[in-house]
Each structure stands twice: as C-alpha cells, then as structure tokens.
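Student: Quick one, what's the 3D model for this:
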Amino acid sequence: MTRTDQTEPHYLVLGKIERPHGVRGEIRMRIMTDYPERLRDLKQVYLGTDPHKEEARLYTIDTLRFHQGNALLRFKETTDRNDADLLRGLLVMIDLANAVPLEDDEFYLYQIIGATVITDEGQTLGTVKDVIETGANDVYVLKSPDYGELLIPVHDETLLDVDVDARQITVRLPEGLLPGEADEA
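Tutor: Predicted structure coming up:
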C-alpha cells in the first residue's frame, strides 16, 4: 500500500472491509494498522472511501474478534448479510481527535510526506513524495532534484532520525544506492 497525499487527513485508516462473514451481518476487515490490539477499545468507527474527505458515516461496533489475521466485526447498523455486503470495499477509520496518542518516537506516515531527507553527511537528497509499505520494511520514495526518483529502504541501519516538527529525516545510505556510485567504485 502506498500513501501519497500531503494534507492532514480527517481520519486514520484502520482497515478495509473485504466481504461479509456469515449471515448475521458480520464483516471481514483486512487490518491496516500497526496496532490491531487497539481495535478492541473502540466503540465507534467511520466507514468511507477516502480518509481525506469528511463524507464518512459513523458506525457502532457491536462485536469484534480476530480470525486468521483479519478482524471480524459486526456493527449495530448491520443486521444481515445483505447489509454487510453493502459495506464491501469501504475503509474502516477513526477520526484524528480520538486516535490513540503515539509514543515520542512514533509518527503517522502522512506526517512525513513532503519532509526533506538528508544524509548523515549533510547532503540533501530530496523530499518524501510517497511511502510504500512492503511488510518487511517501509520504502520512502523521494523526489530528488539531483537523482530523480530515489527509493530508500527504511530500517534501523538507514533511518537515523525523523523530526516531524522540522519536517526533516536523516538517513545513512547503503553503499551503491545513489545512481553513479557503483561506477565510481
């Protein structure tokens, strides 16, 4: 999944409704949050098509359980399979005001879109235009005036600092990552 919008969203995405589960209005949700255990504390969520648009409808969670890496939810507003089927493909979201606070070293992906990326040696590489979530690690897609599009794998060895307030990210690049480096070696 990629994230590209630079504006602060109205909602944070928790998951996406895949299909109904059973005949009593339960739905299967693909989990898209790093903290699925926090879902148990929710009483209400918003369903919609875009976290940047205010047009989302509030739903009350009746039941929630986890099954085979997904969440199975039933809303008070859905009483049968037909009701649940109408929700297929919608995003399950929470508004920013009710999001669980992050730890000091955590940030939301939308907060780094547009951030300037520099190396530990002080070289400005460009700005983050996208984040690709691969499962193993995120990859920052940079728009660089010197190199065009750069893909920076994000893990403990490359990501040194993220300063959300200053909108600056400091990285240590692996050898050969920049175009032309392999030719110089």
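Student: looking at this structure, which helix or strand is least sure?
Tutor: In the chain, the helix or strand scored least confidently by mean pLDDT, DSSP states H and E is strand 2-3, which has a mean of 44.
Student: Following the chain onward from that strand, which element is next?
Tutor: strand 11-20 (DSSP states H and E).
Student: Flag the shaky bits of the protein, pLDDT-wise.
Tutor: 1-7, 181-185 (pLDDT under 70).
Student: now do 90
Tutor: 1-9, 33-38, 52, 54, 96-111, 131-137, 165, 174-185 (pLDDT under 90).
Student: all helices for it, in order.
Tutor: Listed in chain order, the helices of the chain (DSSP state H) span 81-85, 181-184.
Student: What separation do you get for the closest residue to residue 70 other than its chain neighbours and residue 18?
Tutor: Distances taken as C-beta to C-beta, 6 or more residues apart in numbering place residue 28 nearest to residue 70, at 5.3 Å, with adjacent residues excluded. Bear in mind the C-beta positions are built from the backbone N, C-alpha and C, glycine included. Distance of residue 28 to residue 18, computed by C-beta to C-beta, to the nearest Å: 5 Å.
Student: Residue 98 now?
Tutor: 24 Å.
Student: hang on, residue 139 packs against residue 149?
Tutor: No. With contact defined as C-beta atoms under 8 Å, residue 139 does not count as touching residue 149 (11.4 Å).
Student: who has more neighbours, those two?
Tutor: Set residue 139 next to residue 149 and count neighbours by other C-beta atoms under 10 Å: residue 139 wins out with 16 against 11.
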